[in-house]
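1. sharing a model that was predicted from the sequence below.
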Amino acid sequence: MLENCITPRIFIAATRQNDGKTTTSLGLVAALRKRFGKVGYIKPVGQRYVEVSGRKIDEDTVLINETYNPGLPLEAMSPIAVEPNFTRDYLDHGDAAELRARVEGAFNRAAWEQQFVVIEGSGHAGVGSVFDMSNAHVASALRSKAIIVSRGGVGRPIDEIALNLALFEKHGVPVVGVVLNKVLPARIAELRPYAEKGLAKLGVPLLGIVPFNGELRKPTVNQICQELGGKFIAGEKGKRRRVNKIHIVTMTSKHVEMLFDPNSLIIVAGDREDIVLAVLGANQESRQIAGVVLTHGMEPQPDIIRIMQAHHVPFITTTQEAYDVATKINRMTVKTEPGDCEKITLIQRLIEEHVDIDAIINAAWMG
């Protein structure tokens, strides 16, 4: 049973996955903490989780917890983790009342002694409908108003907002506004009046336009390692280095130095020891590369590996071929990692400067 119906709260939804819910939530928590003393957080339904002390905890919850340390139990901030067979098990013998009670109980704990609570959804409004825990279901159960985050634009984004808005309205959830995310800075002034007109036709205000920032799309060496299913054989301490560009090396070591741009990632066959030694010999602080991916499941000789481990350049080994590695990196979704201070600070600034925080607070307080 939902006991806490007093603490102001806001539900962060989106029109699609990867539209910016976590970015908005991360920045909003920081902005709210400037205005209130204690701000709680909960992601009721998590689709990507990690193991923490034997519990399956949504990875965005881990990010919020390690960034802000709200002092809340992780299981209260992440009550439901959707495991691979979760949906089938639910359809066979699931209990909607039990799931709802779990979410409501978790919210009561997450909101305890907090002055505001941010609730982060999963995907679009309908995600989770198959097990009766869609974003609209959850926002309604938690008696929260909602914000919809969407990609920038006029036509398609507003059409998608209309679809999501309809499901929230069906469940009696007021949508208090829209945040348009990842808009090219040069287009913001032109887009704003048309976005406001389009949203006005739906009866919702524009709460902000967050500009696209390329730094948020640059992966770390560690994220690339995880995406490739690879492993570090040297330089793991540099795993937080951000990758600006990638180079597949096909040339000889005589000419390879022209590819050693700062924060670049070198992709090369694992048996090219000449390239490995060229990287180690040329890597200086002023032009420090991000790292090296060694492909085809091949590794240098043990004596070369010992030399690699005496330096600070991250080396990843993977069984994949160079083209597949480059394709995966270019297509990967880049999430914000715990401890990525530069990126987190950038997100906080973007949300504070470009989203009407006071309008969100006022909407949450209104009956």
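-> Now that the structure is in, tell me what you want to look at.
2. next helix or strand past the strand ranked longest in the chain?
-> In terms of residue count, the longest strand belonging to the chain (DSSP state E) is strand 175-183. Per DSSP states H and E, the first helix or strand lying C-terminal to strand 175-183 is helix 188-202.
3. what does the helix or strand just after that following helix contact?
-> Following helix 188-202 in sequence order, the next helix or strand is strand 206-211 (DSSP H and E). Outside strand 206-211, the residues within contact range by CB atoms under 8 Å, 6 or more residues apart in numbering are 20, 23-24, 147, 152, 176-185, 188, 191-192, 195-196, 199, 350-351, 354-356, 359-360. C-beta here means a position set from N, CA and C on the backbone, and glycine is covered the same way.
4. spit out the contact partners of residue 27.
-> 347-352, 355.
5. could you pick out the buried ones from those residues?
-> Among the contacts of residue 27, the ones that count as buried by 16 or more other CB atoms under 10 Å are 347-348, 350-351, 355.
6. just those residues: which are in helices?
-> 347-348, 350-351 (DSSP state H).
7. quickly check the residues you listed for the two that are furthest apart.
-> Farthest apart among these by CB to CB are 348 and 350. That separation is 7.4 Å.
8. name the spans of the stretch 251-367 of the chain whose pLDDT lies under the cut-off.
-> Applying pLDDT under 70 to the stretch 251-367 of the chain picks out residues 283-287, 367.
9. and the helices in it?
-> Taking DSSP state H, counting those that start in this stretch as the test, the helices found in the stretch 251-367 of the chain are 273-282, 302-309, 322-331, 341-354, 357-365.
10. now the second one against helix 273-282, angle please.
-> Read it as helix 302-309. 30 degrees (axes from the mean of the first three to the mean of the last three CA atoms, to 10 degrees).
11. again, but for the fourth one
-> Helix 341-354 runs at 70 degrees relative to helix 273-282, counting by the same axes, to 10 degrees.
12. against residue 118, how distant is the residue of the chain positioned farthest from its centre?
-> Going by CA atoms, centre = their mean, the residue of the chain most distant from its centre is residue 254, 40.4 Å out. Distance from residue 254 to residue 118, counting by CB to CB, to the nearest Å: 55 Å.
13. picking up where we left off before, I'd like the helices of the stretch 251-367 of the chain laid out as TSV, including distance to residue 207.
-> As requested, these are arranged in TSV below (distance: least, CB to CB, whole Å):
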stretch	distance to residue 207
helix 273-282	47
helix 302-309	49
helix 322-331	31
helix 341-354	9
helix 357-365	6
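14. which of those helices sits closest to residue 68?
-> helix 341-354 (9.8 Å).
15. then that closest one to PDB, C-alphas only?
-> Output of helix 341-354 as PDB, limited to C-alpha atoms (Å, rounded to 0.1, in the frame of the first residue of the first chain):
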ATOM      1  CA  CYS A 341      33.200  12.900 -13.000                       C
ATOM      2  CA  GLU A 342      33.700  15.100 -16.100                       C
ATOM      3  CA  LYS A 343      30.700  13.700 -17.900                       C
ATOM      4  CA  ILE A 344      28.500  13.900 -14.800                       C
ATOM      5  CA  THR A 345      29.500  17.500 -14.200                       C
ATOM      6  CA  LEU A 346      28.700  18.300 -17.800                       C
ATOM      7  CA  ILE A 347      25.200  16.600 -17.500                       C
ATOM      8  CA  GLN A 348      24.500  18.500 -14.300                       C
ATOM      9  CA  ARG A 349      25.300  21.800 -16.000                       C
ATOM     10  CA  LEU A 350      23.200  21.100 -19.100                       C
ATOM     11  CA  ILE A 351      20.100  20.200 -17.200                       C
ATOM     12  CA  GLU A 352      20.500  23.100 -14.700                       C
ATOM     13  CA  GLU A 353      21.000  25.600 -17.600                       C
ATOM     14  CA  HIS A 354      18.400  24.400 -20.100                       C
END
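16. remind me what it packs against, helices and strands.
-> helix 21-35, strand 206-211 (3 or more CB pairs under 8 Å, 6 or more residues apart in numbering; DSSP states H and E).
17. can you list the domain ranges for this protein.
-> What the record gives for the chain is the domain set 9-213+336-365, 219-331, from automatic domain parsing.
18. now for these, which one comes closest to residue 2?
-> Across the domains of the chain, closest to residue 2 is domain 9-213+336-365 (CB to CB), at 4.3 Å.
19. any idea how far apart the tips of that closest one sit?
-> Domain 9-213+336-365 has an end-to-end distance of 8 Å (criterion: CA to CA, to the nearest Å).
20. likewise for stretch 1-17?
-> Across stretch 1-17, first to last residue, CA to CA, it's 29 Å.
21. buried residues in it?
-> Buried residues in stretch 1-17, counted by 16+ other CB under 10 Å: 4, 7-16.
22. what does stretch 144-158 give?
-> Under 16+ other CB under 10 Å, the buried positions of stretch 144-158 are 144-153, 157-158.
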